[in-house]
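Q: Structure for the following, please:
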Amino acid sequence: MKYCSFISALSLFFSLSTAAPLTSSQPAVVGKSIRENCINLEIRNSWLFAECLTGEDSTTRIQSGVGIYNKFGNDDGVLKHSGPIMEVGPALVMTANSSTTHHSKEHIKVYNGHLLSDTFATPNPPITPSKYPVPKDPTFLFGGKTSCADQSTDRDFCRTNVDSCTNSTRNDRREGWWTSESPYHCYVPFIYFPDIHFEFEAFKVMSEGDWNVIGYRDEACKEKIQRVYPEDTGICKVFGDRDEQRVRAFTIVPAFNGDPW
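A: Modelled structure (predicted):
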């Protein structure tokens, strides 16, 4: 597995690994220019949103978004693309101007109206647009009732610290231990020190936006055992306390028109 850390609500570091996204796809579609096909570009949080032509005719558009936080970086005033590093222009400014669209177009293009990136995977545009609206704030949080896996150095830590899961409104963030604006692929809730591995017996996602969640029994994300749907946002989903029911890793991707990577 491949891990990447982030700071939780208690300033603890967790890890990330990769697996397949949740997408519906069709035969390969050639990406088109953002500049020539999109209007009303806007950067909110770490996402680029726009209304882009679907190709159905000369007027039909859909609104979609693509995360840019995990795809571009500012290297001493030079905007650089994640992965194979390449110079693509001056530093990204937080307005959707022509410079932004010009320098992003090599790796973010329009596919049937959807903004998608080829940074981590070949784009697979959805067959039909999502019924879920694009959120103003793409941030999501999650938490739940947990226990610690056998390999954890402190088996009491999880129940002592992450043991609250109640039904609430979708924007009630009080039980959110983990937070992100970027989709997750085989995300393993894990603390480096002390060595803690979380197992979820109940789970809740909180967000203005709608997300699809897959829960895995194993940290390699080979055995899918749970699903959490957009309609479950704010609802405590009970998985169970038996070993075969506990979730140890997650894939979380947009249900709205958003790039799954």
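Q: Residue 239 is in contact with residue 200, correct?
A: Yes. Contact criterion Cβ atoms under 8 Å: residue 200 and residue 239 qualify, at 6.1 Å. For the C-beta atoms, the positions are set from N, CA and C on the backbone; glycine is no exception.
Q: shaky segments in the stretch 51-200 of the chain?
A: For the stretch 51-200 of the chain, the stretches with pLDDT under 70 are 72-106.
Q: ok but residue 39 is inside a strand, no?
A: Yes. Counting by DSSP: H, G, I helix; E, B strand; the rest coil, residue 39 falls inside a strand.
Q: That one reaches residue 49, doesn't it?
A: No. Applying Cβ under 8 Å as the test, residue 39 and residue 49 come out as separate, 11.2 Å apart.
Q: The two: which is more packed in?
A: Set residue 39 next to residue 49 and count neighbours by other Cβ atoms under 10 Å: residue 49 wins out with 24 against 10.
Q: so which helix or strand takes in the more buried one?
A: Element membership of residue 49, judged by DSSP states H and E, is strand 47-53.
Q: what do you get for residue 214?
A: Taking DSSP H and E as the criterion, residue 214 maps to strand 211-216.
Q: Now do that strand: which elements does it pack against?
A: strand 196-207, strand 224-228, strand 249-254 (3 or more Cβ pairs under 8 Å, 6 or more residues apart in numbering; DSSP states H and E).
Q: Switch the ones you listed over to JSON lines; also include mean neighbour count and distance to residue 215.
A: As requested, the helices and strands packed on strand 211-216 are exported to JSON lines (neighbours: other Cβ atoms under 10 Å; distance: least, Cβ to Cβ, whole Å):
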{"stretch": "strand 196-207", "mean neighbour count": "23", "distance to residue 215": "7"}
{"stretch": "strand 224-228", "mean neighbour count": "16", "distance to residue 215": "3"}
{"stretch": "strand 249-254", "mean neighbour count": "24", "distance to residue 215": "6"}
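Q: Would you mind giving the domain segments of the protein?
A: Domain assignment of the chain by automatic domain parsing yields the ranges 15-21+135-254, 34-117.
Q: How far away from the center of its chain is the longest one?
A: Mean C-alpha position of domain 15-21+135-254 versus that of the full chain (Cα atoms, centre = their mean, to the nearest Å) differs by 13 Å.
Q: Go ahead and name everything in contact with stretch 43-53.
A: 32, 34, 37-42, 59-69, 94-96, 100, 104, 108, 110, 113-115, 134, 136-139, 181-182, 258 (Cβ atoms under 8 Å, 6 or more residues apart in numbering).
Q: buried sites along it?
A: Neighbour-count burial for stretch 43-53 flags 43, 44, 46, 47, 48, 49, 50, 51, 52, 53 (criterion: 16 or more other Cβ atoms under 10 Å).
Q: host element of the first one?
A: Read it as residue 43. strand 38-44.
Q: Can you list the residue ranges for strands in the stretch 101-250 of the chain?
A: Secondary structure of the stretch 101-250 of the chain (DSSP state E, counting those that start in this stretch): strands located at 108-111, 114-117, 140-148, 178-180, 184-188, 190-191, 196-207, 211-216, 224-228, 237-238, 249-254.
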